[in-house]
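> Next input, structure requested:
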Amino acid sequence: MAEFLLREAFNPKGVQEQAGRLLGAWAGFDRVGFEEAVCPKLAALNFGERAQLIRESLHEFLPQAYPEALAIILKALPPELTRSELLGMDNFIIWPLAQFVSSYGINHFELSMGALYQMTRCFSAEGDIRFFIEKYPQETLARLAEWAKDPNVHVRRLVSEGTRPRLPLCRALPAFKKDPSPILPLLEVLKNDPELYVRRSVANNLNDIAKDNPEVVVALLSRWNQTPSPELDWMTRHALRSLIKKGHAGALALLGYGTLGLVELKSLCLTKPRYRLGEELRFEARLFNPQSRPQRLMVDFVVHYQKAGGKLSPKVFKAAKPTLGPGETLVVSKGVQLEQRSTREHYPGLHKLSLQINGTSMGEVPFILEID
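Model prediction:
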């Protein structure tokens, strides 16, 4: 379903609108030929294939000299975004236009960087600037350092989003997975950006970095939090979300969840031992604090799903973030639907549920999933 909705960003109406702008920019543009080359083929293609078709058709119907073709494309851009965030399918047609730049303009650094700068003001060029980072790392990072101070919010966001090591739907940046240090000065500039749109991107970049270099992110955020603020508090929690799910001790400590003391798991049970697909899996746990001081807890539950090969694969879900007083008992109950999703296919057989409290695994109960 997600792929179906996403691919509809490239539809006949949008293609025809862009064709009209191209004709307005260049009287020699074969609008009818372009539309006939693209629109009838869209229905059978996925998101990436549709973008590729539009990009290749642009190359076919525009002048073959890249500078000349690029000048036409830039004259035919849709209006710049006036909001601070992208909404819905705003100007998604820019995606294949930016691909045109990275595909045919990789040897024209100045021209292409200027084009991506203009395009990102209308949508985002986060996927295609990555090709220039790889081919011209020093030059591109120097340009991004300038853009980090740009008055346009979408340009500033591009600096962070375009350097994410693991940006979804786009090529990864293996060099930054291995060594993220070139990114950090850029994020340093953007961490106090006035727009949440930019700060969210910084947090997502740090979350990417943390998957390969967790200690780098914990150390950086520890330093940043020496000057605390509500905005930085939100960014820290968002940036550490993957590490928190993994129970990373340093990340938990940074959020105020110390090493688990003597909290006792008195009981952990499910509502029944067998479930059918479509039902809710629900647990109830009783926690007791025998200490003379309160304990701040992050309670997660982990469902160990049966996979096709017979192995169990854990998935962490959030349950509660209570503070348990001295001698206090707390009942935590939470559930999750056992339903087929595009991101998870269920298989019948033995599954397990366990708790994770401040990163420490506690308790485990089995259950059987039945699928007709």
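
> Poorly predicted segments of the protein, please.
Applying pLDDT under 70 to the chain flags residues 1-5, 85-90, 260-261.

> Could you chop it up by domain?
With domains defined by automatic domain parsing, the chain comprises 2-254, 264-370.

> And the longest one, how far out from the chain middle?
In other words, domain 2-254. For domain 2-254, the separation from the chain centroid amounts to 12 Å (computed by Cα atoms, centre = their mean, to the nearest Å).

> picking that back up, deepest of the domains of the chain, which one?
Among the domains of the chain, domain 2-254 has the highest mean neighbour count (mean count of other Cβ atoms under 10 Å), at a mean of 18. Heads up, the C-betas are built off the backbone N, CA and C, glycines and all.

> quick one: R293 and A285, what's the gap?
21 Å (Cβ to Cβ, to the nearest Å).

> which residues sit against the biggest helix by length in the chain?
With secondary structure taken from DSSP state H, the chain has its longest helix at helix 196-212. Residues external to helix 196-212 that are found in contact with it (Cβ atoms under 8 Å, 6 or more residues apart in numbering): 84-85, 153, 156-157, 160-161, 163-167, 176-178, 180, 183, 187, 190-193, 216-218, 220-221, 231, 234-236, 238-243, 251.

> Kindly report the same for stretch 361-369.
247, 265, 268-270, 272-277, 281, 283, 285, 302, 306, 338, 346-356.

> Would you confirm that P137 contacts D179?
No - at 11.3 Å, P137 does not count as touching D179 under the criterion of Cβ atoms under 8 Å.

> could you measure E280 against S333, distance?
11 Å.

> Tell me the helix or strand right after the helix or strand encompassing R157.
If you go by DSSP states H and E, R157 is part of helix 153-161. The helix or strand immediately downstream of helix 153-161 is helix 174-178, counting by DSSP H and E.

> What is that following helix packed up against?
helix 196-212 (3 or more Cβ pairs under 8 Å, 6 or more residues apart in numbering; DSSP states H and E).

> tell me what whichever helix or strand comes after the helix it packs on is packed against?
Counting by DSSP H and E, the next helix or strand C-terminal to helix 196-212 is helix 214-224. The contact analysis (3+ Cβ pairs under 8 Å, 6+ apart) places helix 214-224 against helix 184-190, helix 196-212, helix 230-239, helix 241-245, helix 249-254.

> can you do 6 Å?
Judged by 3 or more Cβ pairs under 6 Å, 6 or more residues apart in numbering; DSSP states H and E, helix 214-224 is in contact with helix 196-212, helix 249-254.

> List just the one of these that sits closest to A27.
helix 196-212 (38.1 Å; Cβ to Cβ).

> quick check: angle from the closest one to helix 230-239?
Relative orientation of helix 196-212 and helix 230-239, computed by axes from the mean of the first three to the mean of the last three Cα atoms, to 10 degrees: 40 degrees.

> The closest residue to P182 other than its chain neighbours in helix, strand or coil?
Leaving out its chain neighbours, the residue that sits closest to P182 by Cβ to Cβ, 6 or more residues apart in numbering is L141, at 5.8 Å. What DSSP: H, G, I helix; E, B strand; the rest coil gives for L141 is helix.

> L141 and G309: what is the separation?
Where G309 is concerned, L141 sits at a distance of 42 Å (Cβ to Cβ).

> measure the spatially closest residue to Y347 that is not a sequence neighbour to L353 for me?
Spatial nearest neighbour of Y347, chain neighbours left out: Q306 (4.5 Å); criterion: Cβ to Cβ, 6+ apart. Distance, Q306 to L353, using Cβ to Cβ: 12 Å.

> all strands in this structure, in order from the N-terminus.
Secondary structure of the chain (DSSP state E): strands located at 264-270, 274-276, 280-288, 295-296, 299-306, 312-320, 323-324, 329-337, 349-357, 360-370.

> right, and those strands - which one's nearest R31?
Of the strands of the chain, the one closest to R31 (Cβ to Cβ) turns out to be strand 329-337, at 48.4 Å.

> Partner strands of the closest one, with direction?
Using DSSP bridges, the strands paired with strand 329-337 are strand 280-288 (antiparallel).

> Between strand 349-357 and the partner strand, find me the angle.
Going by the same axes, to 10 degrees, strand 280-288 makes 40 degrees with strand 349-357.

> Pull the residues that contact strand 280-288.
With contact meaning Cβ atoms under 6 Å, 6 or more residues apart in numbering, strand 280-288 is reached by 263-264, 266-271, 275, 329-333, 335-338, 353, 355.

> circling back to that earlier point, ok, what's across the strand from the residue nearest to Y347?
Beta-bridge partners of Q306, as defined by DSSP bridges: L312.

> Identify the residues contacting it.
Applying Cβ under 6 Å, 6+ apart, the residues contacting Q306 are 347, 349, 351.

> Dump those to a markdown table, plus distance to S103.
Listed next are the contacts of Q306 as a markdown table, based on distance: Cβ to Cβ, whole Å:
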| residue | distance to S103 |
| --- | --- |
| Y347 | 41 |
| G349 | 47 |
| H351 | 46 |
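
> Ignoring the adjacent residues along the chain, who's closest to N213?
Excluding the flanking residues, the one nearest N213 by Cβ to Cβ, 6+ apart is P180, at 5.6 Å.

> ignore the last one, S354
E364 (4.3 Å).

> ok, the spatially closest residue to P12 that is not a sequence neighbour to G33 distance?
The shortest distance from P12 to any non-neighbouring residue, by Cβ to Cβ, 6+ apart, is to C39 (4.3 Å). According to Cβ to Cβ, C39 stands 11 Å off from G33.

> who's in contact with N46?
Here N46 is in contact with R7 (criterion: Cβ under 6 Å, 6+ apart).
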